[in-house]
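Enquirer: Predicted coordinates and the sequence they were generated for:
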Amino acid sequence: MSTAGPVLLTGAAGYIGTLLREGLPERGHALRSLDVVEIAEPRPGEEHLVADATDLDAVTAAAQGAGALVHMAGIATESSWEAIKHANVEGTYVALEAARRAGVRRVVLASSNHATGMSPRVENAQTDAQPRPDTYYGVSKVAMEALGSLYVDRYGMDVVCLRIGSALPEPRAPRHLSTWLSPSDTVALVDAALTAPSPGFAVVWGISANTRGWWDLTSARALGYAPADDAEAYAEAITAAHGEPTPGTVEFDRVGGEYAGPDFAVDAVAARAQQP
């Protein structure tokens, strides 16, 4: 089942955006891709718009006639508060408000595990736990989810927030054996969020069917998400190179992994950015 009109995809030139530009049309969705940069090699039939995802007028115009909006634009790691506030917090408001003004009823938001990154490891971790962000980036995802909730309750929209784990072509570190989200499962998760009947407000984990996963996928499966990949296929090579995941480290004990540690304090991130 596809949406009634094209899916407006912000951040279309990024890693996940590129996956969706290839995978969503294969699942029957027409795409209208938006990014601040030109998209190389647009797919046949793909609409392509160059605009800033924090420009409310531009995104509202782009959303006219769309059947849904998938918001992937923003800064994807820790940065300064000013940069995070503008790109991620303002960008989320713009996505939701543009959708509302254009009459788009379904919005899918790229949230993150870092919204609860300071939370300790528990088996079958739920998405309804108290927010405990690990970074300014994580704070922006808490704000994203709060804005999504507001637009559902205030305006009757459907908003699905995807708490994405480690979205990578393949797992690279011991933590990823639990948190990996494969390329094909990324597409499947967004497709489920777009096509689930009347989800209202939903917050779901975004990981593959990892043998070592400890985030509960029940709410994602309720949308129709059926992950097919498992990071365990890479376990032998990863553990040979890096060892087994180590209890007592932030990488093992916290939802956000290394983001919960001192190396991702904003002053440490700024210092690394200034290094030649």
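Expert: Great, that's in hand.
Enquirer: which stretches of the stretch 1-150 of the chain form helices?
Expert: Counting by DSSP state H, counting those that start in this stretch, one finds helices in the stretch 1-150 of the chain at the ranges 15-26, 56-63, 81-84, 91-102, 136-155.
Enquirer: Of those, flag the one that's most buried.
Expert: Sort these by mean neighbour count, taking mean count of other C-beta atoms under 10 Å, and helix 91-102 sits at the top with a mean of 23. Just so you know, the C-beta spots here come from the backbone N, C-alpha and C atoms, and that holds for glycine as well.
Enquirer: so how far is it off the chain centroid?
Expert: Relative to its chain's centre, helix 91-102 lies at 17 Å (C-alpha atoms, centre = their mean, to the nearest Å).
Enquirer: go on, stretch 60-79?
Expert: For stretch 60-79, the distance to the chain centre is 11 Å (C-alpha atoms, centre = their mean).
Enquirer: Compare the helices of the stretch 1-150 of the chain and give me the one nearest Ser184.
Expert: Minimum separation from Ser184 across these (C-beta to C-beta) falls at helix 15-26, 7.2 Å.
Enquirer: per-residue pLDDT, the residue positioned nearest the centre of the chain?
Expert: Closest residue to the average C-alpha location of the chain: Ala110 at 2.7 Å, with C-alpha atoms, centre = their mean. pLDDT recorded at Ala110 is 98.
Enquirer: how about the strands of this structure, start to end?
Expert: Per DSSP state E, the chain carries strands over the ranges 7-10, 31-35, 47-50, 68-71, 106-112, 158-164, 166-167, 180-181, 201-206.
Enquirer: any low-confidence regions in the chain?
Expert: Applying pLDDT under 70 to the chain picks out residues 1-3, 274, 276.
Enquirer: returning to that earlier point: skip the chain neighbours and tell me the closest residue to the residue nearest to the centre of the chain.
Expert: Nearest residue to Ala110 in three dimensions, chain neighbours excluded: Met72, at 4.9 Å (C-beta to C-beta, 6 or more residues apart in numbering).
Enquirer: give the contact list for the residue nearest to the centre of the chain.
Expert: Contact analysis of Ala110 by C-beta atoms under 8 Å, 6 or more residues apart in numbering lists 11, 16, 71-72, 74, 162, 164.
Enquirer: In a markdown table, list the residues you listed along with distance to Tyr259.
Expert: Formatted as a markdown table, those follow (distance: C-beta to C-beta, whole Å):
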| residue | distance to Tyr259 |
| --- | --- |
| Gly11 | 20 |
| Ile16 | 18 |
| His71 | 21 |
| Met72 | 19 |
| Gly74 | 16 |
| Leu162 | 17 |
| Ile164 | 13 |
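Enquirer: I am finished for the moment; much appreciated.
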